[in-house]
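Undergrad: curious how this folds, go ahead:
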Amino acid sequence: MENNIIQLDAAAETQRFMVKVYAWMSLALAITGFTAVFTAGNASLFSLIFSQSWVWIGLIILEFVLVAYLSMWIAKMSAQRATIVFILYSVLNGLTLSIIFLVYTTGSIASTFFVTAGTFAVMSAYGYLTKSDLSKWGDILFMGLIGIIIASIVNYFMQSETLYAIITYIGALIFVALTAYDTQKIKTMNIIGNEGTDDDKKEAIMGALTLYLDFINLFLYLLRLLGRRR
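TA: Numbers count the residues shown, from 1 in each chain. Coordinates of the predicted model:
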């Protein structure tokens, strides 16, 4: 009886933890979306970012630095600093992603976002609820990610439409699978008993960052497939 109560308490704590993860992820997506829309509608800011290639490249590099910093040193930073870095990354990502409004119609961006949200919700729910061990997907998905990164670099020089299409379809499938895989991984990484602590908040932020990146990448690959170009 006592064991059952402990298990129920642990399950309830895990549920509350996942709610925090999704809340942080949703906040980051909202910040990114607002920033992208604001930037696209502000001619001066948009021109500043994209008329000078070094500005856009600098922002991209800064994004990679922030993700690396948060991922590698979050254990040594305060929860407040982790929050600031996470929000700052969301803003920078919105600045660089604003370029999609120049390439695709607003309507197709909106419809693709909803398709992404639905797909993400289904796969994340599967990852959370399934009893199957998805950890075996890890190596395959990691190799797939490396493969599409290398293929994308090669195709930057080749400019092959066929390879571009292959990369797009495979990339979308990889991030669909990663959504389920990462959800289960985040669920199991929650440390029972530290609810309300700084460590608990930092764990939620890291989980949110992981799912946020899955969502953004899935959205961008689906936008290649479903987006209508201007």
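
Undergrad: pLDDT weak spots in this protein?
TA: Residues of the chain meeting the criterion pLDDT under 70: 1-10, 191-193, 195-196.

Undergrad: what do you get if the cut-off is 90, keeping everything else the same?
TA: 1-15, 48-57, 71-76, 102, 136, 138-139, 155-159, 161, 188-200, 227-230 (pLDDT under 90).

Undergrad: who's in contact with stretch 73-87?
TA: Residues outside stretch 73-87 that contact it (C-beta atoms under 8 Å, 6 or more residues apart in numbering): 24, 27-28, 31, 66, 69-70, 198, 201-202, 205-206, 208-209. (Each C-beta comes from the backbone N, C-alpha and C, glycine too.)

Undergrad: ok, residue 201 to residue 147 distance?
TA: Going from residue 201 to residue 147 by C-beta to C-beta, to the nearest Å gives 35 Å.

Undergrad: er, residue 175 actually
TA: Per C-beta to C-beta, residue 175 is found 13 Å from residue 147.

Undergrad: these two: who's more crowded?
TA: residue 175 (28 against 14; other C-beta atoms under 10 Å).

Undergrad: skip ahead from whatever helix or strand that one lives in and say which helix or strand is next.
TA: In this assignment (DSSP states H and E), residue 175 forms part of helix 161-189. Next in sequence after helix 161-189, counting helices and strands by DSSP H and E, comes helix 198-226.

Undergrad: angle of that next one against helix 161-189?
TA: 160 degrees (axes from the mean of the first three to the mean of the last three C-alpha atoms, to 10 degrees).

Undergrad: what's helix 198-226 packed up against?
TA: The helices and strands touching helix 198-226, judged by 3 or more C-beta pairs under 8 Å, 6 or more residues apart in numbering; DSSP states H and E, are helix 2-41, helix 53-73, helix 79-97, helix 106-129, helix 161-189.
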